[in-house]
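Student: Show me how the following folds:
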Amino acid sequence: MKQAIMIGAGNIGRGFIGALLEKSGYHVTFADVAENLIAAINQHRSYTVHIQDKECAEWTVTNISGISSANQELVDAIAGDCELITTAVGLRILPIVAKPIAAGIKARKAAGSTQILNVVACENAIRGTSQLRDAVCAQLNEEELAYVKEYVGFADCAVDRIVPKASFDNPLDVAVEQYTEWDVEKAGWKGERPDIQGLGWVDNLDAYLERKLFTLNSGHAVCAYLGTLRGHKTIVESVADPAIGYLVHQAMYESGEGLIRKFDFDPDAHHAYIERIFARFQNPFLADETTRVAREPIRKLAPTDRLIKPLTTAWSYGLCVDHLIFGAAAALLFDCPEDEQSAEMIKKIKTEGVERALEEYTGLTHGHPLFGRILDVYRALGVSKG
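Tutor: Got it, this is the predicted structure:
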């Protein structure tokens, strides 16, 4: 039987990646530092994935086991007949899990194994697998690196699935939305590409990473910042506000036109993708709080992130950006003392002026045509807020 190790047995690990692997015929070994979670997996040997969306459904995951990721168990599992390692631990933890992965690879080489092993970091990060690969390879000598080059693949991917908050009698049960996307770049994979339900093989991952950034991340952020200004507590409430819903929808189409030109996307297919993403914002089970989605505004105002990059990309093609501008302007008004970046941003605006903050955070200069337009909307929104 095909063997996969899912490092990270949290909601994403169980409800998304691990569930799809088990559904595709793999025995999935969950590895985690949470001893109670691993004990529950080995006790129950099954859990239910509950799809909570406009149409609800569920299925049971049974072909599973659990091991600790904090000791030799994980190294031994990797050294065995494992074909695939996936992670869902967060970008900050990848350097930590790189150690047992490197040790497992060393053991495979020492045992003379010629079985192909592929590693895919399923993190909410740009090219997380490449970052994991670099951390693993830093612990290997020249002979071991040559072994990796021949027998170990590191494939970058883009993942997208929201896990609603829910509680069940079985602590392993997990709720997920219907929508799922798992795009894996062909170039990093070694050997034959398996047929895994929900996994799509792509040539140019950058296009799919930017598609998510320009559509889901951008639309989510615009909705959160505008919703916060109007006193809405959740994304569902915000998008149901006719003024906000219309503006967010238009902003997603504006960023989409930039993507269509940049990556030569099929317009009809991309417009359908926008509609699917916009529908997700309306899922009543996804009680996403606006303040959670809006947190860390300085990071989200960066030139390469979800508010500015879609805006400047669409503008560079001479396209309309009248609605996209609202995202950056509203982000500058996000006043949440509990959020460190928000507190820092508001302090800078009060002491140095919004022009200085806009320039520093977005990289736009005073002479850029978008600079003044963002400020105009910022001031208009500030007046309406007051």
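
Student: drop to CA atoms for contacts and neighbour counts, all remaining ones
Tutor: Noted.

Student: can you give me phi and psi for the closest residue to residue 14 other than its chain neighbours?
Tutor: Spatial nearest neighbour of residue 14, excluding adjacent residues (CA to CA, 6 or more residues apart in numbering): residue 174 at 7.2 Å. Phi and psi for residue 174, reported as degrees, to the nearest 10, are phi -140, psi 150.

Student: Residue 382 too?
Tutor: Torsion angles at residue 382 (phi, psi; degrees, to the nearest 10) stand at phi -60, psi -40.

Student: Helix or strand: which one has the residue nearest to it when sequence neighbours are not counted?
Tutor: Of all residues not flanking residue 382 in the chain, residue 333 sits nearest, at 7.2 Å (CA to CA, 6+ apart). Counting by DSSP states H and E, residue 333 is held by no secondary-structure element, helix or strand.

Student: Can you get me a residue count around residue 333?
Tutor: Other residues within reach of residue 333 by the criterion other CA atoms under 10 Å amount to 23.

Student: Roughly how far does it sit from residue 229?
Tutor: 8 Å (CA to CA, to the nearest Å).

Student: just residue 318 next, same as before
Tutor: 29 Å.

Student: Quick check on these two: which one has the bigger neighbour count.
Tutor: Neighbour count, other CA under 10 Å: between residue 318 and residue 229, residue 229 has more, with 20 against 10.

Student: Thought residue 22 was touching residue 1, still the case?
Tutor: No - at 11.0 Å, residue 1 does not count as touching residue 22 under the criterion of CA atoms under 8 Å.

Student: thinking again about what came up before, which residues sit in contact with the residue nearest to residue 14?
Tutor: 11, 14-15, 47-50, 163, 166-168 (CA atoms under 8 Å, 6 or more residues apart in numbering).

Student: Try it again at 10 Å.
Tutor: 10-16, 47-52, 58, 163-168 (CA atoms under 10 Å, 6 or more residues apart in numbering).

Student: Same check on residue 36?
Tutor: residue 42.

Student: Next, count neighbours for residue 363.
Tutor: So residue 363, with other CA under 10 Å, has 16 neighbours.

Student: The closest residue to it other than its chain neighbours: neighbour count?
Tutor: Here the nearest residue to residue 363 in space, its sequence neighbours aside, is residue 303; by CA to CA, 6+ apart that works out to 6.0 Å. Neighbour count of residue 303, defined by other CA under 10 Å: 18.

Student: count of neighbours near residue 337?
Tutor: Using other CA under 10 Å, residue 337 is surrounded by 11 other residues.

Student: hang on, isn't it packed against residue 346?
Tutor: Yes - using CA atoms under 10 Å, residue 337 makes contact with residue 346 at a distance of 8.9 Å.

Student: Any regions of this protein where pLDDT drops low?
Tutor: Along the chain, segments meeting pLDDT under 70 span 384-386.

Student: Just want the most central residue of it.
Tutor: Central residue check for the chain by CA atoms, centre = their mean: the C-alpha nearest the mean position is that of residue 124, 2.9 Å away.

Student: Provide a list of residues in contact with that residue.
Tutor: 88-91, 157-160.

Student: Could you measure from it over to residue 80?
Tutor: 28 Å.

Student: now do residue 155
Tutor: Applying CA to CA, the value for residue 155 to residue 80 is 21 Å.

Student: who has more neighbours, those two?
Tutor: residue 155 (22 against 17).

Student: ok, the residue nearest to the more buried one when sequence neighbours are not counted to residue 127 distance?
Tutor: Once flanking residues are discounted, residue 155 sits nearest to residue 188: 4.1 Å by CA to CA, 6+ apart. Computed as CA to CA, the residue 188 to residue 127 distance reads 11 Å.

Student: Mind listing the shared neighbours of these two?
Tutor: 120, 155-157.

Student: Who wins on neighbours among the residues you listed?
Tutor: Using other CA under 10 Å as the neighbour criterion, residue 157 leads the shared contacts of residue 188 and residue 127 with 30 neighbours.

Student: if I pick that residue, what's in contact with it?
Tutor: 120-130, 182-186, 188, 199-202, 205-206, 208-209.

Student: Report the beta-bridge partners for it.
Tutor: residue 184 (DSSP bridges).

Student: how about the helix or strand harbouring residue 251: buried residues?
Tutor: Using DSSP H and E, the element containing residue 251 is helix 242-263. Along helix 242-263, these residues count as buried under the neighbour rule (16 or more other CA atoms under 10 Å): 244-245, 247-260.

Student: helices or strands up against it?
Tutor: For helix 242-263, the elements it packs on are helix 205-212, helix 218-229, helix 235-240, helix 267-280, helix 308-316, helix 325-331, judged by 3 or more CA pairs under 10 Å, 6 or more residues apart in numbering; DSSP states H and E.

Student: Just name the most buried of the ones you listed.
Tutor: helix 218-229 (a mean of 28; mean count of other CA atoms under 10 Å).

Student: coming back round to it: now the contacts of residue 124 as TSV including secondary structure and distance to residue 27?
Tutor: What follows is the contacts of residue 124, written out as TSV (DSSP: H, G, I helix; E, B strand; the rest coil; distance: CA to CA, whole Å):
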residue	secondary structure	distance to residue 27
88	coil	17
89	coil	20
90	coil	23
91	helix	25
157	strand	21
158	strand	23
159	strand	21
160	strand	23
